[in-house]
Each structure stands twice: as structure tokens, then as C-alpha cells.
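Trainee: Pasted the sequence and its predicted model underneath.
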Amino acid sequence: MTKKILSLAVAFFMFVGAKAQIVQETTVKIGDFSVVAYTVTINQNDDLTEEAMKARLKEAKLKTKKTDGFLACLGQTFTDISSSPINFYTKVEGQGKKDNRTSVITVAAVSSDINASNNSSINDNVRLFLENFVTYVSKYEAKGNLEIAQKNLKKAQKTYQSAQSDKEKLEKNIKSSQEKIVDKRKEIEKYNEKIKDCQEDIRNIESDIKKNNDKRAEYDKKMSEADQIMKQAEAEVNKYQQLAN
């Protein structure tokens, strides 16, 4: 229950932090025209952000092309912004050092019909799209991290199961050896003349048991390490499942 509450708290603060980013109005030059655009800076690196933008536009079934330094969707209907065809432009620029990159996202859209008078409504929807996209990037990143965490968990589970299987085999060997000792002791009691030979057999078997016990300690250590990795991976899966939902 505590882990669930903690995961929800992390998701909440991540969501609030994403929504707290300030979207600003600006103008950009596209070809010979200056158009109203909106920009926002987020903490994700530019490679991830650009990848998320391409995924978002693909979800909207829009075809893209590079034009005037922008990723553009020309003469297409983007229902989130307009029911009529528009020219949609976006650009992601990175800032900061390699290990502390941020992304500056710029988005603009204009009606494909030069005589249209609804660009005010389009601009409002562009701003809303950008505000929502900030959250989309966080979720996109969380889904990517979730896939990695799930792979790590699967690997840890496989290691744990392998160690567990090896330990079970050793346990069977140890049990078998112990049963042999019992049988040999019975032979000693029944056949005194074979005491010397049976005692030698016991010493050999006990030597095998010692070796197996030493190996069992190694597998216990492997299981303990794998268990820790598995628990960490499970924690990451829980965290990113909350963020991805």
C-alpha cells in the first residue's frame, strides 16, 4: 500500500511539473511569411522530445516533411487543431550540456485556405496542443523506461529461476547422498565385516556433500543478488506503469 501511494505521488508531481511549464506566444518566419507560434521549454532531451513529436503526429495519421527548418504537415486535417486542412509546423531545439539537456518546442499552424478567417481559433488550439504535448512527452518517456524496466525484470527473473533450479538439483543430490549414508550405516550394523569398506564409502560421500554444500552457498548468494535486482526491477515496473497510465 505504501509503495502504491508513493508511486501515485511521484506520478502526481511529475504531472504537475509537466503542466507547470509556461507556453509562450511568439512569431516565426516560415518562407516569406511570419506567423504566430507557441513555444515551451521542457526538461527532457531534444532527441527524446523530437521522437515523441513524430510519434504524436503519426498517431494523428499525418504525413510529415522537412521545410524551412521545421517538421511540417502541409494541407492536412489535424482534428486536434482544425476540422479544415491546415499547414502545421513544429521544431525541437536542444539546450544545455549533454548530461543536462532541455528541449525548446515551437509549434505553429495556419489554415491552408489563405482566405480563411479562423486562425484565431487555430492558434488557441495550437496552444492547447502544446500544453497537452508536454504531458505526452512525459508519458512517452515513461513508456520507454517501462519497456527497459520490464526487460530488466525478465532478465532478473530468468537468472533467479536458473539459480533456483540449480539449487533444487543440488538439494536432490544432497538428499540422495544423505540417504546413501543411512543405507551404508545400516550395512555397517548388519555386516560388521564390511565396516572398513563402508566407512570408506561414507568418507567419500561426505566429501561430496561438503562440495555440494559449498556450491549451495554460492547459489544462495546468486539467488540473493538476483532477488535484489528483481525487486528493484519490480519497483521500476510499478513506478513506470503508474506514469504510463
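Mentor: Right, received. Where do you want to start? As the structure is a prediction and not an experimental result, all values here were calculated from the model.
Trainee: how far is whichever strand or helix holds Val107 from where the chain is centred?
Mentor: Secondary structure assignment for Val107, by DSSP states H and E: strand 102-111. Relative to its chain's centre, strand 102-111 lies at 27 Å (Cα atoms, centre = their mean, to the nearest Å).
Trainee: For burial, what's the neighbour tally of Glu236?
Mentor: Residue crowding around Glu236 was assessed by other Cβ atoms under 10 Å; the count is 17. Glycine gets a C-beta too; all of them are placed from N, C-alpha and C.
Trainee: Put the alpha carbons of the strand holding Val107 into PDB.
Mentor: The C-alpha coordinates for strand 102-111 follow below in PDB (Å, rounded to 0.1, in the frame of the first residue of the first chain):
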ATOM      1  CA  THR A 102      16.400  20.600 -22.200                       C
ATOM      2  CA  SER A 103      14.100  20.900 -25.200                       C
ATOM      3  CA  VAL A 104      12.600  24.100 -26.700                       C
ATOM      4  CA  ILE A 105       9.500  23.100 -28.600                       C
ATOM      5  CA  THR A 106       8.000  25.500 -31.200                       C
ATOM      6  CA  VAL A 107       4.600  24.900 -32.800                       C
ATOM      7  CA  ALA A 108       2.600  26.900 -35.400                       C
ATOM      8  CA  ALA A 109      -0.300  26.300 -37.700                       C
ATOM      9  CA  VAL A 110      -2.100  28.300 -40.300                       C
ATOM     10  CA  SER A 111      -5.100  27.500 -42.500                       C
END
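Trainee: Give me the mean pLDDT for that strand.
Mentor: Mean pLDDT, strand 102-111: 95.
Trainee: following it, which helix or strand shows up next?
Mentor: Using DSSP H and E, the next helix or strand after strand 102-111 towards the C-terminus is helix 119-190.
Trainee: got the angle between that following helix and strand 102-111?
Mentor: 140 degrees (axes from the mean of the first three to the mean of the last three Cα atoms, to 10 degrees).
Trainee: residues touching the spatially most central residue of the chain, list them.
Mentor: In the chain, the centroid-proximal residue (Cα atoms, centre = their mean) is Asn145; its distance is 1.7 Å. Taking Cβ atoms under 8 Å, 6 or more residues apart in numbering as the criterion, Asn145 is in contact with 236, 240, 243.
Trainee: what's the closest of the residues you listed to Val137?
Mentor: Leu243 (11.8 Å; Cβ to Cβ).
Trainee: rewinding a little: the strand holding Val107: which residues count as buried?
Mentor: Judged by neighbour count (16 or more other Cβ atoms under 10 Å), strand 102-111 contains these buried residues: 103, 105-111.
Trainee: likewise stretch 215-227?
Mentor: Those would be 215-216, 219, 222-223, 226, for stretch 215-227 by 16+ other Cβ under 10 Å.
Trainee: In TSV, list those residues along with distance to Thr135, secondary structure and pLDDT.
Mentor: Listed next are those as TSV, based on distance: Cβ to Cβ, whole Å; DSSP: H, G, I helix; E, B strand; the rest coil; pLDDT from 0 to 100:
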residue	distance to Thr135	secondary structure	pLDDT
Lys215	52	helix	85
Arg216	51	helix	87
Tyr219	46	helix	84
Lys222	42	helix	87
Met223	41	helix	89
Ala226	36	helix	86
